[in-house]
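# got a sequence here, can you model it:
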Amino acid sequence: MANIEANKGVVTQINVFAVTPENQQALIELLIESAQSVCELPGWISASIHKSADGTRVVNYAQAESMEAQERIVASLRANGFLERNKRLGEAHPGLYEVVYTLTR
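Numbers count the residues shown, from 1 in each chain. The predicted model follows:
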């Protein structure tokens, strides 16, 4: 389960994909398959997939315990062809982040 807390050292990858509406669902299904393929790796925490209402974006919010775990996860995804398959469905804009503040009610 995603746990968004500040200053915990968790590595968060936020990847915003630009897609055509006809590719949105296919990319979502591929990202689900990708997450399921790595969820047992040491250090994997969570993946949360979001879709835009207009069909032109998919956002993957993924968490890992450390940079080492993040690198292991990406290496597995690359080796199993998931990153290449993602490119066929949308244009990725990934970034790595650390949560520095949250406010909840």
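# please enumerate the helices of this protein.
21-38, 67-79, 82-89 (DSSP state H).
# so can I have a markdown table of these showing distance to Trp44, mean pLDDT and mean neighbour count?
For the C-beta atoms, the positions are set from N, CA and C on the backbone; glycine is no exception. Conversion of these to a markdown table gives the following (distance: least, Cβ to Cβ, whole Å; pLDDT from 0 to 100; neighbours: other Cβ atoms under 10 Å):
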| stretch | distance to Trp44 | mean pLDDT | mean neighbour count |
| --- | --- | --- | --- |
| helix 21-38 | 6 | 98 | 16 |
| helix 67-79 | 6 | 97 | 15 |
| helix 82-89 | 14 | 95 | 15 |
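# okay, now the closest residue to Ser52 other than its chain neighbours: neighbour count?
Nearest non-adjacent residue to Ser52, counting by Cβ to Cβ, 6 or more residues apart in numbering: Val58, 7.4 Å away. For Val58, the neighbour count with other Cβ atoms under 10 Å is 26.
# so who does Val58 touch?
16-17, 19, 24, 27-28, 31, 49-52, 90 (Cβ atoms under 8 Å, 6 or more residues apart in numbering).
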